[in-house]
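*Asks:* Okay, predicted coordinates and the sequence, questions at the end:
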Amino acid sequence: MQGFLPLSANVVMFWRSCVTGLKCVRGNFVCINNTSNHTLMDTNRLSATIEAALNAQMTKEAHASQIYLSYGSWASSQGFGGVANFLFRHAEEERNHMMKVLEYILKRGGTVNVTAIPEPPEDPNSISNCFESVFKHEVDNTNAIYKIVKMSFDESDWATWNLMQWFVKEQVEEETLALELLDKIKIAGGPNMAKSELYSLDRDLEKMPDEVRAAQDVTAANP
Ligand SMILES: [Fe+2]
Ligand SMILES: [Fe+2]
């Protein structure tokens, strides 16, 4: 039997119909003929650079999740149950982003490297400081995503470019959400927010939707 057998990275198979009856599949390489020299074909559709960048991004999304988890725990310990609820929901969202990158690497025949996640930063010292840090982390993540967009563009890797467009849109939404919260906090007095304002913000965040509408979805009739 001759031919090409597409494989995902983690599948280990034996192509027993090979003339020699030997293992024809090693990692990402698949035997493409039945000759004894076993010509092997690379089925990884990601370049080494893109694969490494995507693995790093996967860890970055996991790190973002840990940051939200840590800040949420801090908020809860300070009595801000609504803020904590909002941050915990976002921790979950960041884990979903991590899974999105992980699945993509696998589906393109690449190798996933699950590594240690860096520790989250120190606890914030106020609600205002908490959301300023959240905004900074989102901007930092956006910059990392832009680098992969550029990389995929330079390599004409349109599949990765396409995946990253989803992340670009997502980051606009995440940054907008953090900015809107910071605006509200600023109006309410910033770091010197009155207790009554903090109480209202905490109550509002409990029910605040996780998504904001992207600018490109806005119409004149529905601004
Ligand atoms: Fe994310
Ligand atoms: Fe995010």
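*Replies:* Happy to help now that I have it. Ligands and ions are numbered 1, 2, ... in the order given.
*Asks:* OK, now which residue of the chain is nearest to ligand 1?
*Replies:* His97 (3.7 Å; C-beta to the ion). Any C-beta I mention is one placed from the backbone N, CA and C, and that applies to glycine too.
*Asks:* List the contacts of the most centrally placed residue in the chain.
*Replies:* For the chain, the residue sitting closest to the mean C-alpha position, by C-alpha atoms, centre = their mean, is His97 at 3.3 Å. Contact analysis of His97 by C-beta atoms under 8 Å, 6 or more residues apart in numbering lists Glu61, Ala64, Phe167, Glu170.
*Asks:* change it to 10 Å
*Replies:* 57-58, 60-62, 64-65, 141, 145, 166-167, 170-171, 174 (C-beta atoms under 10 Å, 6 or more residues apart in numbering).
*Asks:* cool, and Lys60?
*Replies:* Neighbours of Lys60 in contact, by C-beta under 10 Å, 6+ apart: Glu94, His97, Met98, Val101, Ile117, Pro118, His137, Asp140, Asn141, Ala144, Ile145.
*Asks:* How about His63?
*Replies:* Glu94, Met98, Ile117, Pro118, Glu119, Pro120, His137, Asp140, Asn141.
*Asks:* Identify, from the contacts of Lys60, the entry nearest to Glu206.
*Replies:* Glu94 (19.6 Å; C-beta to C-beta).
*Asks:* which element is the residue nearest to that closest one when sequence neighbours are not counted on?
*Replies:* In space, and not counting its chain neighbours, Glu94 is closest to Ser65: 3.6 Å by C-beta to C-beta, 6 or more residues apart in numbering. According to DSSP states H and E, Ser65 maps onto helix 48-77.
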